[in-house]
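# Structure, please.
(2 chains)
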Amino acid sequence: MHLQNKDLAMYKEYKGLNLPQIDKDVLEFWEANRIFEKSVEQRPEDNRYVFYEGPPSANGKPGIHHVMARTVKDLFCRYHSMKGKRVERKGGWDTHGLPIELNVEKELGITKEDIGKAISVDEYNRRCRETVMRYKDMWDDITRKMGYWVDLHDPYITFENDYIESVWWLLRQLYDKGLMYKGYTIQPYSPAAGTGLSSHELNLPGAYRDITDTSAVAQFKVKGKENEYFLAWTTTPWTLPSNTALAVGKNISYVKVRCFNRYTGALTDVILAKDRLSAYFSEQNPGLKPEDVKAGNKPIPYLEVVAEMKGAELEGIEYEQLMPYVQPDKPAFRVLLGDFVSTEDGTGIVHIAPTFGADDFKVARENDIPPLVVKDELGNPMPLVDKQGRFVNEVSDFAGRYVKDYGQEEERPVDVDIVIKLKEEDKLFLSEKYVHSYPHCWRTDKPVLYYPLDSWFIKSTAAKERMFELNQTINWKPKSTGEGRFGKWLENLQDWNLSRSRYWGTPLPIWRSEDQQEEKCIGSVEELRQEIRKANEALGLSQEVPNDLHRPYIDEIVLLSDSGKPMKRELDLIDVWFDSGAMPSAQWHYPFENKKVFEKNYPADFIAEGVDQTRGWFYTLHAIAVMVFDSVSFKNVVSNGLVLDAEGNKMSKSKGNVLDPFQVIENHSADVTRWYMMSNANPWDNLKFDIKGLEEVQRKFFGTLYNTYSFFALYANIDKFYNKEEQVPLSERPEIDRWIISLLNSLVKEVDADYADYEPTQATRKVHNFVNDNLSNWYVRLCRRRFWKPSQQQNGKGSAMDMDKLAAYQTLYECLVTVAKLMAPAAPFFADWMYRNLNEASGLENHESVHLAGFPTANEAVIDKDLEQRMDYAQRISSLALSLRKKEKIRVRQPLHKILLPILDSHFQEQVEAVKGLVLSEINVKDIEYVTDTSGILKKKIKPNFKTLGRRLGKDMKAAAQAIGNMGQEDIARIEKTKQYILEVDGNSYELTLEDFEITAEDIPGWQVAGDDDITVALDITLDEELEAEGMARDIVNRIQNIRKDKDFEVTDKIRVALQKHDALVPAVEKYGEYIKAETLATGLQLVDEMIDGEEIELPGEVKVNISVHRQ
RNA sequence: AGUCUCGUAGCUCAGCUGGUUAGAGCGCUACACUGAUAAUGUAGAGGCCGGCGGUUCAAGUCCGCCCGAGACUACCA
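Okay, the predicted model is just below:
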């Protein structure tokens, strides 16, 4: 009984490779046995590898690119887990933000304006909260199916009160450090929707569209001069009434040109950039008459250039207001210097309207130039265009008119009427249609205005230096993203605009008094409670901390200022990016709970996301970490590229080229998908996702590995090899075993280093090459006989294995189990499947899964570079010899006498000698004959060693190469003997050593040779009877084996064979009859004169005979 | 517009700090092998290494400019 039980433990054998099925089986196993949980629990608490999960939004469906990003994450977490680290992976969900609001509005068929009217904020937010997790099940499903190990049971969720409280705490830290301020800036604003827009919204597809505007080059009259004007170009004439300054470039050259105005014929001097002269003027013509200049948009001739000056000289010059509807409250209307001024288009002079441009606003403020404003009904200043996009009454001629196309009906756009007015007043130099891309509101489809709005900012510029410094300690993959994209971004850092005028998000915890003089930033729920109590007492209210910290409840809370005034919350929400950047502390509800946990898990060892997160999550993590904790928040970061379709197009729903990740995984398995993604290209390069590539990975890598395993399992089961025997010492194993073990250990070393260096592509490619080229195509192919031969001779009855066979099994087992471990981080399913198939039969390791095993460590002692080199020689010599056979059309089954191998140094000969047996059997040749110099029949080739000589010879290198190339056999022989050479070129003499040459064998006269870089092989193709008989015998064996197979005989069945007599067969059967019988398990082999019942076979030399094969 | 990445065979990619016949796999064609066989081997065809210019004895590799693809950032008037 006991023995029988033992016999039951066998290597599982399969009918075929079904990777998707393996996925499912392994997944079931993991879940039933809590493998993920164990892989965490089994590692020590104090040896952590900290990973932060960048929270996805479950509001959209997962795509194939998520599989990419999560493969990267999973791979390194699994790797470090196998390296003995405790890798906890807390999941998370990003639940705030615009896309969620959009979804809700779309579903309800409402716009932002309806919020608070048609639908209460309360109801609206309730809908958002419901929508947020809409696809959570789908996400959980893809997470499972792709084998991404992340803890989904206790994720952080950004809309929860605890999370919000931690975010508030962080904001309070910034506030206390004086890093938060309220400011006025020019922001994209949609009058049609009545809301400010984020840059994200402007970057939605289709937001920027080409539109045709009426552009104008206006003439700004220089104060105190007659008929002298600055020319400034604008594509938005409606901003001209708001003009308060002009900007020029300090180092730009300007000219004053005398010309006739094309509309009025008036003689005028105009100032514009010299570089732009040709854009507005044709030729100089001193004798020009006014009638020579016609209205029209082409360049016009001019009289003369009357002056030239630098922009710096123009600074401070005053001019007369162009459209004097509203007066400034401070001096304005002068020329400023602006570094943004270019001469690429326009006139090189920029019209400045501080209320409608960010640059304008900034340069005006720096120069103390006021904006033009009027008072609204509450007496607050407002620009000359109202929030609906209409001119205010003060702009009398155009009062109430929309400045852009907002669907109003009118004869002409207001821009055109402004231009007409300028023309009438002799203030227009030129007007023409201009096509440019202009942002539109994604929802109303109407043009966006840049409009001054109030916002809260984080003064990130104050921490710029420190962010830059700390960034340099982060290991970025690829480096260029960190140094370039991210580094440059930090260098040009702007303050972080935190405000969003929305409803579903983390509320800004700042309360202000009505006169804006006092404010409080709340840093915790407890603080809010105390403040509420104070306010309740003073104001006689009965407020409480709301159950939900979102709007609208939080908006209702009135707090008390220090001087006793009521304060209301600033209605803004904060940028959702702050939510995600807050996750290192907020996921633990730090500092209100889990202080220790946070400290142990900060900063992260590793994060990974798409490269599009560089200025998103990567930045917000970094910024918050630097400003609040003065530290990095992650030490290593991998930013992966995009996943494109097979043609290299971005996947998008509109193109219909989006791949369903569930389909891909269902059809091709998670492992193939993961392996393909990792091995095909570096994760930071864009991946052209091609199903054909998946199929190739499946066939070439997984198919080969599966074949190798199946081969092993088949014979190991027959021989009952369960690796229970003592290991055959390496020194007693054959060369080829020591070779593959050496390679295996080299592989372990390299793959370990690659994973540690966040180079998954290198790692997976190396494993692939090892499995295909070395393990399967060389080791297994050459060792096949070792596995089956003895068992056949022993007639399938288990008995003591000979040492050689045992060594083969042990070697192959070790390779397979090690490969399983090496590939486990990238292809976790197949790796575990193979590991368990092996380990459950052998019981060698007490891990129930490969993911609980340790990552292999390389045994340096068994790495033998010399051995690796000589096997490389063996492979190359074999390949060359086979190519010669091919050329000579001699089949491989035909044995040959010998190959000739020129020997250039004795070490090479020793190396080849050690692998001689392998080579001979591989190429079916009886012997290797070494050809040395002394034989005199070797022709050699000499080349300069450019690497050593180039630097020394410099210009003489060319001549030297020529001279060396012309050397004869005697010269080469002399150099080899004396090991030195005096080279004379161009009168210079150089002392060269053997190092400076590359000498290779070129030819053996009279023989067909084949050669690669430094190996040359010649094949002796003479045949004699003996060889021919043996060749024939091998072909007979082959035919009989085929018949055995066709007839589905068991490998152990004995047979009787009868062959029709033929002259060509007689010597083979006479000399090699025993060999044929042994190979085919034939107990009888006879030649018969007449054969009726047999089948016909074809043998070399167009010999056709009948043969009969019968099971005994 | 700026920053960054990428551009090598029909396709996917190697090509180390510059070194002289530019490689692999897939695909294609032909042949061979066959006790791993929905495999395997060998050979062949297939490259102005995106373009132009420069540095150098020597450039796929370094530098500059340009073209193309992509990402991010950006109100250019």
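
# Pull out the buried positions in the longest strand that chain A contains.
As assigned by DSSP state E, the longest strand anywhere in chain A is strand A:208-221. For strand A:208-221, the neighbour count (16 or more other Cβ atoms under 10 Å) marks A:213, A:214, A:215, A:216, A:217, A:218, A:219, A:220, A:221 as buried. From N, CA and C alone the C-beta is placed, and that goes for glycine too.

# now swap in stretch A:405-422 and tell me
So for stretch A:405-422, counting by 16+ other Cβ under 10 Å, buried means A:413, A:414, A:415, A:416, A:417, A:418, A:419, A:421, A:422.

# What's the per-residue pLDDT of the fourth one here?
Right, residue A:416. Per-residue confidence (pLDDT) for residue A:416: 90.

# For it, list the residues it contacts.
residue A:214 (Cβ atoms under 8 Å, 6 or more residues apart in numbering).

# State the distance from it to RNA strand B.
15 Å (Cβ to the nearest atom of the strand, to the nearest Å).

# Then that residue would be within a helix, right?
Yes: applying DSSP: H, G, I helix; E, B strand; the rest coil, one finds residue A:416 inside a helix.

# in its sheet, what does the longest strand of chain A sit against?
strand A:228-234 (antiparallel), strand A:428-439 (antiparallel) (DSSP bridges).

# okay, now the closest residue to residue A:486 other than its chain neighbours: neighbour count?
Computed as Cβ to Cβ, 6 or more residues apart in numbering, the closest residue to residue A:486 that is not its neighbour in sequence is residue A:614, at 5.4 Å. Neighbour count for residue A:614, taken as other Cβ atoms under 10 Å: 19.

# so residue A:614 sits right up against residue A:484, yeah?
No: with contact defined as Cβ atoms under 8 Å, residue A:614 does not reach residue A:484; the gap is 9.7 Å.

# Quick check: of the buried residues of stretch A:405-422, which lies closest to RNA strand B?
residue A:415 (10.9 Å; Cβ to the nearest atom of the strand).

# ok, now how distant is that closest one from residue A:94?
From residue A:415 across to residue A:94, the span is 42 Å (Cβ to Cβ, to the nearest Å).

# what's the answer for residue A:450, then?
From residue A:450 to residue A:94 the distance is 29 Å (Cβ to Cβ).

# Compare those two and say which is more crowded by neighbours.
Using other Cβ under 10 Å as the criterion, residue A:450 and residue A:94 rank with residue A:94 on top: 24 against 20.

# how about the residue nearest to that one when sequence neighbours are not counted, secondary structure?
In this structure, residue A:94 finds its nearest non-sequential neighbour in residue A:55, 4.0 Å apart by Cβ to Cβ, 6+ apart. For residue A:55, the assignment made with three-state DSSP gives coil.

# If I look at residue A:55, what pLDDT would I see?
For residue A:55, the model assigns a pLDDT of 86.

# So it is in contact with residue A:96, correct?
No: with contact defined as Cβ under 8 Å, residue A:55 does not count as touching residue A:96 (10.3 Å).

# overlap in contacts of those two?
With Cβ under 8 Å, 6+ apart, residue A:55 and residue A:96 have common neighbours residue A:158.

# more crowded one of those two?
Neighbours per residue, other Cβ under 10 Å: of residue A:55 and residue A:96, the larger number sits with residue A:96, 28 against 20.

# RNA strand B is nearest to which of the strands paired with strand A:208-221?
strand A:228-234 (3.1 Å).

# Adjacent strands (with direction) for the helix or strand following the closest one?
Downstream of strand A:228-234, the first helix or strand assigned by DSSP states H and E is strand A:245-248. Here strand A:245-248 has these sheet partners by DSSP bridges: strand A:334-337 (parallel), strand A:349-352 (antiparallel).

# got JSON lines for these, with distance to residue A:880 too?
Below are the strands paired with strand A:245-248 laid out as JSON lines (distance: least, Cβ to Cβ, whole Å):
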{"stretch": "strand A:334-337", "distance to residue A:880": "74"}
{"stretch": "strand A:349-352", "distance to residue A:880": "72"}
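
# Point out the one among those strands that comes closest to residue A:996.
Checking those against residue A:996 by Cβ to Cβ gives strand A:334-337 as the closest, at 62.7 Å.

# if we can go back for a sec, RNA strand B versus the residue nearest to residue A:486, what's the distance?
On the measure of Cβ to the nearest atom of the strand, residue A:614 and RNA strand B end up 6 Å apart.

# residues touching that residue, list them.
A:481, A:485, A:486, A:489, A:639.

# Share the number of residues neighbouring the closest residue to RNA strand B within the stretch 851-1000 of chain A, please.
Nearest residue of the stretch 851-1000 of chain A to RNA strand B (Cβ to the nearest atom of the strand) works out as residue A:950 at 2.1 Å. By other Cβ under 10 Å, the residues close to residue A:950 number 13.

# Next, it: phi, psi?
phi -50, psi -50 (degrees, to the nearest 10).

# which residue packs closest to it, ignoring adjacent ones?
That would be residue A:957: by Cβ to Cβ, 6+ apart, it lies 5.5 Å from residue A:950.

# ok, the one you found - contacts?
A:944, A:946, A:949, A:950.

# pLDDT score assigned to it?
So residue A:957 comes in at 82 (pLDDT).

# what does residue A:93 give?
92.

# again with residue A:255
At residue A:255, the pLDDT recorded in the model is 92.

# Report the contact partners of it.
A:271, A:272, A:273, A:274, A:277, A:305, A:307, A:308, A:309.

# any idea which of those residues is closest to residue A:299?
Of those, the one sitting nearest to residue A:299 (Cβ to Cβ) turns out to be residue A:277, at 9.2 Å.

# gap between the closest one and residue A:253?
10 Å.

# what's the longest helix anywhere in chain A packed up against?
The single longest helix within chain A, with elements called by DSSP state H, is helix A:865-888. With contacts taken as 3 or more Cβ pairs under 8 Å, 6 or more residues apart in numbering; DSSP states H and E, helix A:865-888 sits against helix A:735-756, strand A:896-902, helix A:906-914, helix A:916-923, strand A:1009-1011, strand A:1016-1019.

# Pick the most buried one from those.
The highest mean neighbour count among the helices and strands packed on helix A:865-888, using mean count of other Cβ atoms under 10 Å, belongs to strand A:1016-1019: a mean of 26.

# Does RNA strand B have contacts with it?
No: against RNA strand B, strand A:1016-1019 shows no contacts by Cβ under 7 Å from any atom of the strand, the least distance being 10.7 Å.

# For the stretch 251-400 of chain A, which residues are neighbours of RNA strand B?
Counting by Cβ under 7 Å from any atom of the strand, the stretch 251-400 of chain A sits next to RNA strand B at A:340-346, A:348, A:350-351, A:357-362.
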